[in-house]
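>>> After the sequence you'll find the predicted model.
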Amino acid sequence: MPGKVIAVCVSEKKGMPKKNVEKGYVREDYGLEGDAHSGKGLRQVSLLAVESIAKMQAKGLEVGPGDFAENITTEGLDLVSLPLGTHIRIGAEIILEITQIGKECHTPCSIYYRAGECIMPKEGIFTRVIKGGYLKVGDAIVQL
């Protein structure tokens, strides 16, 4: 059963929560256009499951898609169980390759200060854009 896109999020500056813009263009070997984190490298597009966000909401935090600085909020796909190198397709065109699971936070973010932990370092995934295309809320996500 495929997962789906719940939110498409960008921010103009690094270190800020992202805003759900509902759709966007993912450029090959670059990332989501209009997002401060886009560029060459192995962490071009980040994904986080809404199920992970729900864990933080259960702790009493008022957080939602984009608050963890992810580009794509997903539902129904166990992101952290996907091995490095896995390709996923979003919609009809976009193909992403998983390059990193989690990340090291060099300085605690605002979520960490409010909850004592942040889920992105453990449950967020990072990808490189193999094939670009248009992205929108509701698009299917499948493991290839």
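Everything's here; your move. Predicted model, so just to flag it, every value in this text is computed and none were measured. Numbers count the residues shown, from 1 in each chain.
>>> worst-scoring helix or strand of this structure, pLDDT-wise?
helix 110-115 (a mean of 55; mean pLDDT, DSSP states H and E).
>>> how far out from the middle of the chain is the lengthiest helix in the chain?
Secondary structure of the chain per DSSP state H: the longest helix is helix 50-58. Taking CA atoms, centre = their mean, to the nearest Å, the mean C-alpha location of helix 50-58 is offset from the chain mean by 14 Å.
>>> Only alpha carbons, please: show it as CSV.
The C-alpha coordinates for helix 50-58 follow below in CSV (Å, rounded to 0.1, in the frame of the first residue of the first chain):
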residue,chain,number,x,y,z
VAL,A,50,3.2,12.5,10.2
GLU,A,51,3.2,9.5,12.5
SER,A,52,6.5,10.7,14.0
ILE,A,53,5.0,14.2,14.5
ALA,A,54,2.0,12.6,16.3
LYS,A,55,4.5,11.2,18.9
MET,A,56,5.5,14.7,19.8
GLN,A,57,1.8,15.9,19.8
ALA,A,58,1.1,13.1,22.3
